[in-house]
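K.L.:
fold the following for me, if possible:
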Amino acid sequence: MTLLYLKALHLIFVVTWFAGLFYIVRLFIYDTEACEKPESERNILQDQFAVMQKRLWYGITWPSAVMTALFGFSQIHAFIPLSNHPWLIYKLAIVALLYAYHLSCGWIFKQLQKKRYPLSSSQLRIWNEVATLFLVGIIFLAVLKSFLGLIQGLLGLFGLMIVLMTAIKMYKKQRLKNA
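P.N.:
Below is the predicted model:
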């Protein structure tokens, strides 16, 4: 029973961590785009985004990342020896990359707090989608418990992305044509 409580807490903090990661990069985009506004508007927006980023980063994203690890590793004893659970080894490797992504978002956060803008809003939009890839990979591994499930999940995600991007481009083209 204790393992189920640990798993539930782990999942709760995974959700809040990803919410923080998705939203922090969105705030980075807004902050970067504020650079294009007139000075008076830009200063107000960037000051507000700096406060929002700081509260989100230190109040939700970092604590959730720590608690995710704490509750995740508290369950690892149930999977010893790890060699009997290759899916978990893959999952832990992806999670390690997710923490690297988290730290890179921290670097961007620190740059923006100093009013330095290392990436364009377009680059940040792409960077925002990287967290989605991690989320899909981790979920498919955890649920299907196979590397093949991971590949199928990511291929499905890429297929969906292609369909959505095509639909968005067609809509934009039609909108410009009607304008």
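K.L.:
give me phi/psi at residue 37?
P.N.:
Backbone torsions of residue 37, given as degrees, to the nearest 10, read phi -80, psi 160.
K.L.:
which non-adjacent residue is nearest it?
P.N.:
In space, and not counting its chain neighbours, residue 37 is closest to residue 45: 6.3 Å by Cβ to Cβ, 6 or more residues apart in numbering. (Each C-beta comes from the backbone N, C-alpha and C, glycine too.)
K.L.:
and that neighbour, what helix or strand is that in?
P.N.:
Element membership for residue 45, per DSSP states H and E: helix 39-56.
K.L.:
name the helices or strands packed onto the helix or strand following that helix?
P.N.:
Note on helix 39-56: by DSSP H and E, the next helix or strand toward the C-terminus is helix 62-73. Packing partners of helix 62-73 (3 or more Cβ pairs under 8 Å, 6 or more residues apart in numbering; DSSP states H and E): helix 2-33, helix 86-113.
K.L.:
and of those, who's closest to residue 178?
P.N.:
helix 2-33 (26.0 Å; Cβ to Cβ).
K.L.:
the closest one - contacts with which helices or strands?
P.N.:
helix 39-56, helix 62-73, helix 86-113, helix 121-144.
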